[in-house]
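**Student:** quick one, fold the following:
(one chain, ligands or ions: 2)
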Amino acid sequence: MAAADWGGKADHLAGERATAQFDVDGMKVAWAGSRHAVEVADRMACLVASDPVFRKDTRTMLSRKELFKDTLKKAAHAWKRTVELHLTEEEANLLRLYIDQPGYVDLHWVMFVPAIKGQGTEEQQKKWLTMAYKFQIIGTYAQTELGHGSNVQGLETTATFDPSTDEFIMHSPTLTSSKWWPGGLGKTSTHAVVYARLITEGKDYGIHGFIMQLRSLDDHSPLPGITIGDIGGKFGSGAYNSMDNGVMRLDHVRIPRDQMLMRLAQVTREGKYVHSDVPKQLLYGTMVYVRQTIVADASRALSRAVCIAVRYGAIRKQFGSKAGGPETQVLNYKTQQSRLFPFLASAYAFRFVGQWLKWLYTDVTQKLESKDFSTLPEAHACTAGLKSVTTSATADAIEECQKLCGGHGYLNSSGLPELFAVNLPACTYEGDNVVLLLQVARFLMKTVSQVASGKQPVGTTAYMGNIQHLMQCKSVVNTVEDWLNPAAIKEVFEARALRMAVNCAQNISKAPSQEEGFSELSPDLVEAAVAHVQLIIVTKFIEKLQEDILGHGVKEQLQKLCGIYALHLIHKHLGDFLSTGCVTARQGSLANERLGKLYAQVRPNAVALVDAFDYTDHYLGSALGRYDGDVYSALYKEAWKDPLNETVVPDGYQEHLRPLLKQQLKLSRL
Ligand SMILES: CCCCCCC/C=C/C(=O)SCCNC(=O)CCNC(=O)[C@H](O)C(C)(C)COP(=O)(O)OP(=O)(O)OC[C@H]1O[C@@H](n2cnc3c(N)ncnc32)[C@H](O)[C@@H]1OP(=O)(O)O
Ligand SMILES: Cc1cc2nc3c(=O)[nH]c(=O)nc-3n(C[C@H](O)[C@H](O)[C@H](O)COP(=O)(O)OP(=O)(O)OC[C@H]3O[C@@H](n4cnc5c(N)ncnc54)[C@H](O)[C@@H]3O)c2cc1C
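**Tutor:** Ligands and ions are numbered 1, 2, ... in the order given. You can find the predicted model right below:
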């Protein structure tokens, strides 16, 4: 499909494509999840790429106001096309994805609608979702405040029930209680799910969700008692500045009682607070849902950066042989491969674990519907941990891809600065990554203590049940080839994760209290959580390889990538593996030797492996990552689009440059 987008010009990467040892179409299916997924994605990507309204090549040159207006235009046009073409939900989601511009619609579909679905009663869902699905109202998710983001229980906004009028009075009692950050709140949303402390009969019942109308549906002005605006410019040009993240103060705003989301708890007409029979953690359910989608976003962002760096690395040449032979493609440098190929492998690893996480989330949701809440803690730990590990690795990798592309990677036209700036906040939003890893650690400590009391763990912690073996086993690896064995790899990851968790639990037990121990040990706990999450990613990659994978050579390439993903982690975290006694120094160096061999095997397939991501040039948005590899013409052409080049002599010459030059000239003549 990218080939169609490229339009049949000279293919500077044809030589690279000719060396591929696998069926790229088969790999596209493995990446996308099914033939159907490839087909729908292709159709939606082409729809976006061929529509001039969705152009984004000059986006980084727009002022904030122009960019915001452009976002409104694109969102409205996307909705028009969705209706005209009767797009399915799957197609409409992909359309939004390929438009590739953060905006209020993300919050509407990804948080507002799911919050009502998860926390609203059937009646509430019927009322609000009917309007939301037709875009008669635009919603956001207003949880974070100026003073508190991570500590949700510390939020200060109040919702005080007034039985005399059957209303809640929504109020921001302090400056720090101002809502701060919600996307779309600044200038666009007409409604929000607002999180506030519920107070009734003089008692504070903690945080609950409420639906509030914020702006008039006639002229968009804020409703009485509501002060609302944008919180200001954010990191990078273009990037997340298309989103109107907002601030909001509430001054005793009244809403009807039935706008409290009442699936988890209710307030009666008389003001009595009544619990439902569902766990109160379901209040956090929307975050679990979104964290799961963020893992898929991370693999996509990482694959885009890798696609740019691999294609450019095959085009870019520096230095030649001493005998005056041809210059070397930078991708052939071993240092380049050892920096870049682990990211290529990580993109595939994150993609597959994201597909598994989506399955896990669906499974948990079905169980919740039949009032089985047993898998909720694991779903929370998996979504929190995977969101954290994948987004941190992705942000670091995009930054490194910029360096891998040298100077040109620093240009906006490489696409990398914007990709970095858009994805960096994923390490913070939907839960700061360290805060989330501490949640995983808490879950691990509980599991260790359950194992100690004889309970058999299940799901992603089932390996902990094998404690007798894993605490004392020695890796059987004796040759470089032994590191090709998935069972050998899995065993050392399991042993490392378990031993790190058990070490933490033992050290916590020596502290005066559990709480003090947890706090003192928190840096180690974060590392133990990372080890557990990396084990999940490695395991899911290995399990993927046990599925039927069609297409010549596809499985073989994935086996190599799986090896690279696991072995690069052993190399990177060798300190963990050595200090917990899971591998010896010799086994560590054999792993590194194996890694070098895998890089050499992946090299002829590298361009085809990024082609399999199936991205159009429009979506990639990079002069360096073009499908046809015509990098230099593209860079040259892009430069002339810069507003500075609109005039030959720059604005400011007459006031500042000419007098300076004239004065210096005069002085030199004295
Ligand atoms: C296209 C994509 C667009 C994306 C756009 C994204 C825009 C961004 C939106 C946002 O950022 S919205 C705001 C997101 N905010 C956060 O993520 C806040 C992070 N903080 C928290 O999640 C929680 O406050 C906390 C850190 C988990 C702490 O909560 P609390 O103080 O209640 O804590 P604990 O005592 O630690 O936990 C109690 C109990 O609850 C369990 N638990 C916590 N979270 C969940 C959950 N999500 N699901 C299920 N269970 C949860 C926790 O494990 C504890 O269980 P027990 O140990 O007591 O059994
Ligand atoms: C681009 C963007 C979009 C957002 N969109 C929305 C939105 O639509 N709706 C919404 O409600 N919110 C939104 N947010 C807010 C976001 O959810 C919060 O910023 C996030 O949850 C982190 O909270 P915080 O900013 O309070 O960070 P803080 O908690 O203040 O973090 C500061 C530092 O303290 C550390 N820290 C905090 N607590 C602990 C602890 N217990 N132990 C150890 N270290 C700790 C963190 O690791 C971090 O390094 C958005 C944020 C961003 C950046």
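**Student:** quick check: buried residues in stretch 357-374?
**Tutor:** 357, 360-361, 364, 368 (16 or more other Cβ atoms under 10 Å). For the C-beta atoms, the positions are set from N, CA and C on the backbone; glycine is no exception.
**Student:** in the stretch 51-200 of the chain, what residue comes closest to ligand 2?
**Tutor:** Gly149 (2.3 Å; Cβ to the nearest ligand atom).
**Student:** end-to-end on stretch 546-558?
**Tutor:** Using Cα to Cα, to the nearest Å, one end of stretch 546-558 lies 11 Å from the other.
**Student:** now the buried residues of stretch 357-374 in a markdown table, with distance to ligand 2 and pLDDT?
**Tutor:** Below are these laid out as a markdown table (distance: Cβ to the nearest ligand atom, whole Å; pLDDT from 0 to 100):
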| residue | distance to ligand 2 | pLDDT |
| --- | --- | --- |
| Leu357 | 20 | 98 |
| Leu360 | 22 | 96 |
| Tyr361 | 19 | 96 |
| Val364 | 22 | 93 |
| Leu368 | 23 | 89 |
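**Student:** so which of those residues are in strands?
**Tutor:** Secondary structure from DSSP state E places none of these in strands.
**Student:** sitting in helices, which of these do you find?
**Tutor:** 357, 360-361, 364, 368 (DSSP state H).
**Student:** okay if I get these as a markdown table plus distance to Glu167?
**Tutor:** Formatted as a markdown table, those follow (distance: Cβ to Cβ, whole Å):
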| residue | distance to Glu167 |
| --- | --- |
| Leu357 | 40 |
| Leu360 | 40 |
| Tyr361 | 36 |
| Val364 | 35 |
| Leu368 | 31 |
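**Student:** count of neighbours near the residue of the stretch 51-200 of the chain found nearest ligand 1?
**Tutor:** In the stretch 51-200 of the chain, the residue that lies nearest ligand 1 is Val152 (3.5 Å; Cβ to the nearest ligand atom). Number of residues near Val152 (other Cβ atoms under 10 Å) recorded here: 17.
**Student:** what of Val476?
**Tutor:** Val476 has 12 nearby residues by other Cβ under 10 Å.
**Student:** around ligand 2, pick out the residues from the chain.
**Tutor:** 107, 141-144, 148-150, 181-183, 240, 245, 425, 428-429, 431-432, 434-435, 438 (Cβ under 6 Å from any ligand atom).
**Student:** show me those that map onto strands.
**Tutor:** Using DSSP E, the residues of the chain next to ligand 2 in strands are 141-142.
**Student:** so which of the residues of the chain next to ligand 2 are in helices?
**Tutor:** Using DSSP H, the residues of the chain next to ligand 2 in helices are 107, 434-435, 438.
**Student:** ok, so of these, who is nearest Tyr619?
**Tutor:** Minimum distance to Tyr619 across those is 21.6 Å, recorded for Leu107 (Cβ to Cβ).
**Student:** list the residues that contact the closest one.
**Tutor:** When contacts are counted by Cβ atoms under 8 Å, 6 or more residues apart in numbering, Leu107 touches 139-141, 182-184, 189.
**Student:** intersect those with the contacts of ligand 1.
**Tutor:** 141, 183.
**Student:** reformat the contacts of Leu107 as a markdown table; add pLDDT.
**Tutor:** Formatted as a markdown table, the contacts of Leu107 follow (pLDDT from 0 to 100):
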| residue | pLDDT |
| --- | --- |
| Gly139 | 98 |
| Thr140 | 98 |
| Tyr141 | 98 |
| Pro182 | 98 |
| Gly183 | 98 |
| Gly184 | 98 |
| Ser189 | 98 |
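**Student:** residues contacting the residue in the stretch 451-600 of the chain that ligand 2 sits nearest to?
**Tutor:** Nearest residue of the stretch 451-600 of the chain to ligand 2 (Cβ to the nearest ligand atom) works out as Ser522 at 6.2 Å. Applying Cβ under 8 Å, 6+ apart, we find Ser522 in contact with 438, 441.
**Student:** 10 Å instead?
**Tutor:** 434, 437-438, 441, 504 (Cβ atoms under 10 Å, 6 or more residues apart in numbering).
**Student:** hang on, the earlier thing: who wins for neighbours among the ones in helices among the residues of the chain next to ligand 2?
**Tutor:** Leu107 (28 neighbours).
**Student:** how far away is that one from Leu574?
**Tutor:** 42 Å (Cβ to Cβ, to the nearest Å).
**Student:** that older thread, nearest to Asp614, of the ones in helices among the residues of the chain next to ligand 2?
**Tutor:** If you rank those by distance to Asp614 using Cβ to Cβ, Leu107 comes first, at 27.5 Å.
**Student:** pLDDT at the closest one, what is it?
**Tutor:** At Leu107, the model reports a pLDDT of 98.
**Student:** need the ones in helices among the residues of the chain next to ligand 2 in CSV (columns: distance to Glu91).
**Tutor:** Output for these, formatted as CSV (distance: Cβ to Cβ, whole Å):
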residue, distance to Glu91
Leu107, 20
Val434, 37
Val435, 35
Leu438, 39
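**Student:** of these, which is the nearest to ligand 2?
**Tutor:** Val434 (3.7 Å).
**Student:** looking at it, the closest one is touching Thr391, isn't it?
**Tutor:** No - at 11.9 Å, Val434 does not count as touching Thr391 under the criterion of Cβ atoms under 10 Å.
**Student:** where do the contact lists of those two overlap?
**Tutor:** Joint contacts of Val434 and Thr391 (Cβ under 10 Å, 6+ apart) are 427-428.
**Student:** tell me which element His208 falls in.
**Tutor:** Per DSSP states H and E, His208 falls inside strand 203-213.
**Student:** Gln506 in helix, strand or coil?
**Tutor:** helix (DSSP: H, G, I helix; E, B strand; the rest coil).
**Student:** I'd say it and Met500 touch.
**Tutor:** No - in this structure Gln506 lies outside contact range of Met500 using Cβ under 10 Å: 11.0 Å.
**Student:** all helices for the stretch 251-400 of the chain, in order.
**Tutor:** For the stretch 251-400 of the chain, the helices defined by DSSP state H, counting those that start in this stretch cover 285-315, 334-369, 376-404.
**Student:** in JSON lines, list those along with distance to ligand 1.
**Tutor:** Conversion of the helices of the stretch 251-400 of the chain to JSON lines gives the following (distance: least, Cβ to the nearest ligand atom, whole Å):
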{"stretch": "helix 285-315", "distance to ligand 1": "5"}
{"stretch": "helix 334-369", "distance to ligand 1": "10"}
{"stretch": "helix 376-404", "distance to ligand 1": "4"}
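**Student:** circling back to that earlier point, now the strand holding His208: buried residues?
**Tutor:** Neighbour count says strand 203-213 has 205, 207-213 buried, by 16+ other Cβ under 10 Å.
**Student:** over to stretch 148-166?
**Tutor:** 148-149, 152, 155-161.
**Student:** in helices, which of those residues fall?
**Tutor:** Per DSSP H, those never map to helices.
**Student:** alright, calling it a day.
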